[in-house]
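Peer 1: Predicted model and sequence follow; I will ask about them next.
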Amino acid sequence: MQKKAILALADGTHFEGIAVGHGDYTVGEVVFNTAMTGYQEVLSDPSYAEQLITFTYPHIGNVGTNAEDFEADKVYAKGFIVRELPTAPSSWRAQHSFMQFIEEYNLLGIAEIDTRALVHHLRQHGAQAGCILASVNGDVTTAVAKAEAWGDMQGRALIDAVATNKAYAWQESLHKAGNHIIVVVDFGVKQGILRCLAAQNCNVIVVPPQSTAEDILKLQPKGIVLSNGPGDPAACIAAIKTIQTLLTKNIPLFGICLGHQLLALALGAKTMKMKQGHHGANHPVQDVVTKRVFITSQNHGFAVDEATLPAGINVKYRSLFDNTLQGFSHETLPVLAFQGHPEASPGPNDSGILFKQFIKLINARSMQHA
């Protein structure tokens, strides 16, 4: 017999549906993702830690899952919300069904609810805490109480819970050893970022988020990447201080997503919580100089407050959805930052050119010091 489930938000709004997966309940921030592909990549993206993901595309599970499409070593999302029960896979790449996938990773979700109504509510009232409660009796009061008790994403530093705890050299059979040593500070890095760097002929070394500037500099990097990750960037005090030290060493820095926000904070700007955030693919971002529009993949609930940017920072990209800051450079420092996901896993490839720009920044610095 199918088990009933309730999705309750902290404001008391609730939806009744069918429990899917493993467990009695799960809590986290309820967000929505508009991408039509890549549910496996989304669920295994560490940036979704402590979040319940509403998939607006109805056919979740239709291509199954496989070993190649993970963005990390496990699933980091706390749960999922879908319109229809997961369908049987119909892809030659499928190694497991979606149901097998969520059972293996002890993931709980809810299906057969009106996701359009839920998304409309989140757009009107903002992302907020929620609880998926699998219960035959459907205790709304209990579910709302659990959501309220979870609290808010603001003030939560989550990077230590999702990142590596020891340094390692990233290798994949598709790529050979390269010329540049690039250190990636892991705040919840997606494997797509590591692949893109390796494809640019780089030797990639991943280090923990607790790494000091001294730890990083001992590896003699030609460039440093500050990765994506979950939580409130302003709560990552130690990481911000480390970045401030790295900024004095004149080594090219590339901040992606959370890394973009941390870099801005280290330079003296401030960040802010967004109403519902940007989560999905096909988000238009414009180069403010050339006016070229990039179609991008996005996943963030915080943004850099452009009004707080100090002198010396050049705004490079803005979202055409809400005009929020999407990227910047610096007049004197070798800095490149982008809010979206240039590795685009899943999503469009327009912004992949940023990896080439980062390498150009490294080469230019190398020539200055030759």
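Peer 2: Arrived safely.
Peer 1: Off-centre distance for stretch 332-341?
Peer 2: Offset of stretch 332-341 from its chain centre (Cα atoms, centre = their mean, to the nearest Å): 16 Å.
Peer 1: quick one: terminal-to-terminal distance for that stretch?
Peer 2: One end of stretch 332-341 sits 25 Å from the other (Cα to Cα, to the nearest Å).
Peer 1: Check which residues of it are buried.
Peer 2: 333, 334, 335, 336, 337, 338, 339, 340, 341 (16 or more other Cβ atoms under 10 Å). Every C-beta, even on glycine, is put in place using the N, C-alpha and C of the backbone.
Peer 1: same question, stretch 231-241
Peer 2: 231, 232, 233, 234, 235, 236, 239, 240.
Peer 1: Contacts only, for the second one.
Peer 2: What that stands for is residue 232. Residues near residue 232 by Cβ atoms under 8 Å, 6 or more residues apart in numbering: 153, 154, 155, 156, 157, 271, 273, 302.
Peer 1: on that earlier part again, which ones among the buried residues of stretch 332-341 map onto strands?
Peer 2: 335, 336, 337, 338 (DSSP state E).
Peer 1: did I read that right, residue 284 in a helix?
Peer 2: No: judged by DSSP: H, G, I helix; E, B strand; the rest coil, residue 284 forms no part of a helix; its state is strand.
Peer 1: Touching, it and residue 297? I think so.
Peer 2: No: Residue 284 is beyond contact range of residue 297, at 11.8 Å (criterion: Cβ atoms under 8 Å).
Peer 1: Which one's more surrounded, those two?
Peer 2: Remark: of residue 284 and residue 297, residue 297 carries more neighbours, 26 against 14, as counted by other Cβ atoms under 10 Å.
Peer 1: quick one: secondary structure of residue 280?
Peer 2: strand.
Peer 1: what are the ranges of the helices in the stretch 251-370 of the chain?
Peer 2: 258-266, 353-368 (DSSP state H, counting those that start in this stretch).
Peer 1: just those helices: most buried one?
Peer 2: Compared across the helices of the stretch 251-370 of the chain, helix 258-266 shows the largest average neighbour count, a mean of 27 (mean count of other Cβ atoms under 10 Å).
Peer 1: which residues does residue 11 contact?
Peer 2: Contacts of residue 11 (Cβ under 8 Å, 6+ apart): 125, 128.
Peer 1: do the same with the one 10 residues further on
Peer 2: For residue 21, the contacting residues are 79, 99, 102, 103, 106, 107, 108, 109, taking Cβ under 8 Å, 6+ apart as the criterion.
Peer 1: Let me know the pLDDT of it.
Peer 2: Looking at residue 21, its pLDDT stands at 93.
Peer 1: Now it: closest residue in space, sequence neighbours ignored.
Peer 2: Leaving aside its chain neighbours, residue 21 sits nearest to residue 102 (4.2 Å; criterion: Cβ to Cβ, 6 or more residues apart in numbering).
Peer 1: worst average pLDDT in the helices of the stretch 251-370 of the chain?
Peer 2: Among the helices of the stretch 251-370 of the chain, helix 353-368 scores lowest, at a mean of 89.
Peer 1: follow-up on the earlier one: helix or strand for the residue nearest to residue 21, which one?
Peer 2: In this assignment (DSSP states H and E), residue 102 forms part of helix 98-104.
Peer 1: and that helix, average pLDDT?
Peer 2: 94.
Peer 1: Repeat that for stretch 315-322.
Peer 2: Rounded mean pLDDT across stretch 315-322 is 98.
Peer 1: and it, how far out from the chain's middle?
Peer 2: With Cα atoms, centre = their mean, you get 18 Å for stretch 315-322.
Peer 1: What lies in contact with that stretch?
Peer 2: For stretch 315-322, with Cβ under 8 Å, 6+ apart as the criterion, the contacting residues are 278, 283-289, 293-294, 306, 309, 324-329, 338-339.
Peer 1: What of stretch 121-129?
Peer 2: 9-11, 13, 27-32, 54, 147-148, 150-153, 274-277, 301.
Peer 1: Would you mind writing the PyMOL command to select the buried ones in the residues you listed?
Peer 2: A single PyMOL command selects the buried members of the contacts of stretch 121-129 (16+ other Cβ under 10 Å):
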select buried, resi 9+10+13+27+28+29+30+31+32+54+147+148+150+153+276+277+301
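Peer 1: Please list the members of the contacts of stretch 121-129 that lie in helices.
Peer 2: Using DSSP state H, the members of the contacts of stretch 121-129 that fall within helices are 147, 148, 150.
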